[in-house]
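[1] no FASTA, just this:
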């Protein structure tokens, strides 16, 4: 064999070590998503800015304290102003409460006034009359979902009053309150509201069947004539009604 042929003979290729697919997957670097942003470390710039802010705040506080030390009358004046404002606020609250008591004690309604009320105002008038009689926590609960109770109040004897109000613009000439309204009140006054005295108040009238049903179910009715006595006088409602349940507890001072 000639030297030329020996020089042109190719040497055998070196075999590369085989790698498994799992190792190839492990060796492949993961690509970071385009939206990836490396978190910046809390550098010296941020630390310097924080120190600058703290220094400014501290200097302002020191300056304010020095100014107050040089003008000691300023905190005293501010304190006196605050005390005076608080005293005025307390005085106004007490005066408002006192005048509310005076208004409730002298509250009177004539029937033309009641006839001119909106039905919500009528409920509020009944609530105010209850407060005048000594029910300080009387509330109006009329509206959607009231379950037949427009006014609720607890009297000085511990009895819970549940009142439904029916206003008639035409007074006696309006439609009479019938048994359907009493059915609703009878079904909720005691079972739902746990009322001791269940009352229906109207500035109009009741049908004969409603009166008979109320008597059989121990419901109390306040028609136009009884409402006129109650609203224009000073006698509490529990003295105007008959067969009112006994007190739950003795009245205060008795």
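    Received it, and whenever you're ready, just let me know what you need. Nothing here was measured: the structure is a model prediction, and the numbers come from that model.
[2] just the helices in the stretch 151-254 of the chain please.
    Secondary structure of the stretch 151-254 of the chain (DSSP state H, counting those that start in this stretch): helices at 179-188, 208-216, 224-232, 237-240.
[3] so how far is residue 161 from the spatially most central residue of the chain?
    Centrality entry for the chain: nearest residue to the mean C-alpha point is residue 141, 13.2 Å, by CA atoms, centre = their mean. According to CB to CB, to the nearest Å, residue 141 and residue 161 sit 12 Å apart. Every C-beta, even on glycine, is put in place using the N, C-alpha and C of the backbone.
[4] what's the overlap in contacts for these two?
    151, 152 (CB atoms under 8 Å, 6 or more residues apart in numbering).
[5] after whichever strand or helix holds residue 77 comes which helix or strand?
    Using DSSP states H and E, residue 77 sits in helix 73-105. Using DSSP H and E, the helix or strand that follows helix 73-105 in sequence is helix 111-115.
[6] quick one: contacts of that following helix?
    For helix 111-115, the external contacting residues (CB under 8 Å, 6+ apart) are 122, 125, 168, 169, 170, 171, 203, 224, 227, 228, 231, 232.
[7] what about burial for those, which qualify?
    122, 125, 168, 171, 203, 224, 227, 228, 231 (16 or more other CB atoms under 10 Å).
[8] for the residues you listed, which one is nearest residue 49?
    For the buried ones among the contacts of helix 111-115, the closest approach to residue 49 (CB to CB) belongs to residue 125, at 65.5 Å.
[9] looks to me like the closest one is in a helix.
    Yes - counting by DSSP: H, G, I helix; E, B strand; the rest coil, residue 125 is found in a helix.
[10] where does the protein have low pLDDT?
    Confidence mapping of the chain against pLDDT under 70 gives the ranges 1-42, 95-105, 142-145, 249-254.
[11] domains for it, by residue range?
    63-105, 111-240 (automatic domain parsing).
[12] just these: most buried one?
    The highest mean neighbour count among the domains of the chain, using mean count of other CB atoms under 10 Å, belongs to domain 111-240: a mean of 18.
[13] chain center to that domain, what's the gap?
    Relative to the centre of its chain, domain 111-240 is centred 26 Å away, using CA atoms, centre = their mean, to the nearest Å.
[14] likewise for stretch 73-90?
    32 Å.
[15] contacts for it?
    Here stretch 73-90 makes contact (CB under 8 Å, 6+ apart) with residue 68.
[16] now do the same contact list for residue 189.
    With CB under 8 Å, 6+ apart, residue 189 has these contacts: 148, 149, 162, 164, 195, 198, 219.
[17] so which of these are in strands?
    Among the contacts of residue 189, the residues falling in strands (DSSP state E) are 162, 164, 198.
[18] what residues are up against the nearest residue to the first one once chain neighbours are set aside?
    Distances taken as CB to CB, 6 or more residues apart in numbering place residue 195 nearest to residue 162, at 3.3 Å, with adjacent residues excluded. Taking CB under 8 Å, 6+ apart as the definition of contact, the neighbours of residue 195 are 149, 152, 160, 161, 162, 189.
[19] ok, the residues you listed vs residue 110, which is closest?
    Using CB to CB, these come closest to residue 110 at residue 161, 23.6 Å.
[20] and the gap between residue 228 and residue 159?
    Counting by CB to CB, the gap from residue 228 to residue 159 is 24 Å.
[21] still on that earlier bit, can you name the two of the contacts of residue 189 that are farthest apart?
    Among the contacts of residue 189, 149 and 219 lie farthest apart (CB to CB), at 13.1 Å.
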